[in-house]
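[1] all I have is the shape, not the residue letters:
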């Protein structure tokens, strides 16, 4: 193999790639814009929704309000509830006319006053978020009421309240603010970056194989003195470049976005401040290299098999799912890196990236995963090269 | 020169079984001569030319191109040929200049020589006005010129042209015919396929009629006329191929 020819093909493919609007969008524009939109959008949406939910007035039905005049009038005063006169509360709840219904047992107030216990029933629809929230609010309201009754009764009996709480539990979060910020990122970044590395290389991979077949440029290249090995290498390196650039741009965009939106994080995540160790980023990019190699050669092989752009897209869509599912392990609690998992492609990278972003460096695992992914990538590149030598693949009719 | 030795290619088709696309083809094409391939669509012309350009590997038999074997020295074979067909399209996002220079580099030309050769070719083919225009912005005639320049940038001794005039307008077709004549004057060995009889009659020193993968007859037009006993090439062709193809 002549490295000069590989270089000629590589530079031509990169130039061609950079002139393709679709590739530029998926390689640069999407990763730059996606994270700010996702993070700012999602966090402001969540904050807005929580605020709105707090302000919202819940229409409720009260049955047997006369049984508990004091509590009933307290409910009427509460601005977050609106008591509506609906006769069939079940139908009203189903039609979302009300968010909950209350039923006071007979002689509710009398029983309480007499020092006995009385019952309140809350009817709600657990499958409706607004109803669920309303029932929670009612729950809190009645807990406060119960608390005041208990305090009153204890006072009468001259018993100290602390008798009820012999053990006081106090929880304190010792995680540094950086770790809290890193935690959010460690969950999302491995998953997102692994998907982006794939989508960023997808268009170039299709364009350089099935696209060339469809346009008829493949044969022009095949009749040139470049060998199949040189052609495969040049194309592979170009797709790999696209994949790695997308990964780096995604990482940069996500780190910057997360860093600049820490005020939002404070509202969301108990005062989390975002910061990530530069060493973590360096290891992340290093670990992405074999993963990008693997992704690029799988993309190339599959799309080389296709006759047209459209056919290639239909081959690559299922691949996305095959990668997305294992990459999601970074989201799942309880998935810890082990020697066995270190050999499973995609899962291993996702898990080790999560650890690295949290500032835990298991050098043994990092080395093992780098090595095992490199081996998988080499096998995949070998297969791609063999496919390029097969007439049945290149001239499939 | 081109010489084939029982060159054969079979394909496996799920529905039709084994297809003999090229069946023991033997032919010889000398420098300074134009060798024409006549055949119906699907006769095996394209497969034969793809075998010679080493894009496909023969099932049996072989060929020598300028002394290089298509099986053992495919890269040297490709460095010695200029191959053009309706399937060899151009990269739409490269300019005319970039396209020609790219293939020159792949052929191992150094930058000085590339500049010299591209200057020459762009002048000869009158392509200066669209030198830096992207291929997807060119007319089909302009594209054909770029394709021709791409084909001969490395000054190959042998030209293999698969239906080079297919789907082109009269003017562009005439340019191609002139190009083929000029190549002959430059002592190149030209192998070209067509199903247009008058093109073959006008141009070819030797003609081979190919049908269902087999070469049915080879020779000069005079020789074909003598052996078949007919004057017009289209009559000779129909006689050889069999009248059942007429309707």
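    Ah, there it is. These figures come from a predicted structure and were not determined experimentally.
[2] buried residues of the biggest strand by length in chain B, list them for me.
    Ordering each strand of chain B by length in residues (DSSP state E) puts strand B:2-13 first. Buried residues in strand B:2-13, defined by neighbour count with 16 or more other C-beta atoms under 10 Å in any protein chain shown: B:2, B:3, B:4, B:7, B:8, B:9, B:10, B:11. For the C-beta atoms, the positions are set from N, CA and C on the backbone; glycine is no exception.
[3] identify the bridge partners of the fifth one.
    Translated: residue B:8. Beta-bridge pairing of residue B:8 under DSSP bridges involves residue B:60.
[4] so where's the chain uncertain?
    In the absence of a named chain, chain A is used. In the predicted model of chain A, residues A:176-181, A:261-275, A:397 satisfy pLDDT under 70.
[5] can you look at chain B instead?
    B:243-247.
[6] tell me the SS of the residue in it that chain A sits nearest to?
    Distances between chain B and chain A by C-beta to the nearest C-beta are smallest at residue B:89, namely 3.4 Å. Assigned with DSSP: H, G, I helix; E, B strand; the rest coil, residue B:89 falls in the coil class.
[7] ok, back up a step: with distance to residue A:293 added, can I get the buried residues of strand B:2-13 in CSV?
    CSV is the format used below for the buried residues of strand B:2-13 (distance: C-beta to C-beta, whole Å):
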residue, distance to residue A:293
B:2, 42
B:3, 44
B:4, 42
B:7, 40
B:8, 40
B:9, 36
B:10, 38
B:11, 34
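[8] show me where the chain has its strands.
    As the question left the chain open, I've gone with chain A. A:58-63, A:81-83, A:100-104, A:120-123.
[9] wait, chain B was what I had in mind.
    B:2-13, B:17-25, B:28-29, B:34-38, B:60-65, B:68-69, B:81-85, B:158-162, B:189-194, B:206-211, B:214-219.
[10] and these: which comes nearest residue A:79?
    Residue A:79 lies closest to strand B:2-13 among the strands of chain B, at 79.1 Å (C-beta to C-beta).
[11] so the closest one versus strand B:158-162, what angle?
    30 degrees (axes from the mean of the first three to the mean of the last three C-alpha atoms, to 10 degrees).
[12] how far off centre is strand B:2-13?
    17 Å (C-alpha atoms, centre = their mean, to the nearest Å).
[13] what angle do that strand and strand B:60-65 make?
    Following the same axes, to 10 degrees, one obtains 140 degrees for the angle between strand B:2-13 and strand B:60-65.
[14] strand B:2-13 - contacts with which helices or strands?
    Applying 3 or more C-beta pairs under 8 Å, 6 or more residues apart in numbering or on different chains; DSSP states H and E, one finds that strand B:2-13 contacts strand B:17-25, strand B:28-29, helix B:45-52, strand B:60-65.
[15] tell me the strands beside the second one, with direction?
    Based on DSSP bridges, the strands next to strand B:28-29 in the sheet, each with its direction, are strand B:2-13 (antiparallel).
[16] wait, residue A:337 touches residue A:352, no?
    Yes: when contacts are counted by C-beta atoms under 8 Å, residue A:337 is listed as touching residue A:352 (6.1 Å).
[17] spell out which residues are contacts of both of those two.
    A:362, A:365 (C-beta atoms under 8 Å, 6 or more residues apart in numbering or on different chains).
[18] between these two, which is the more surrounded one?
    residue A:352 (27 against 21; other C-beta atoms under 10 Å in any protein chain shown).
[19] any idea how far residue A:363 is from that one?
    11 Å (C-beta to C-beta, to the nearest Å).
[20] residue in the stretch 151-300 of chain A nearest to chain B?
    For the stretch 151-300 of chain A, C-beta to the nearest C-beta, closest residue to chain B: residue A:216, 3.4 Å.
[21] ok, and the closest non-adjacent residue to residue B:196?
    residue B:165 (6.9 Å; C-beta to C-beta, 6 or more residues apart in numbering or on different chains).
[22] returning to what we had before: report how many residues lie close to the closest residue to the residue of the stretch 151-300 of chain A closest to chain B other than its chain neighbours.
    Spatial nearest neighbour of residue A:216, chain neighbours left out: residue B:89 (3.4 Å); criterion: C-beta to C-beta, 6+ apart. Neighbourhood size, residue B:89 [other C-beta under 10 Å]: 18.
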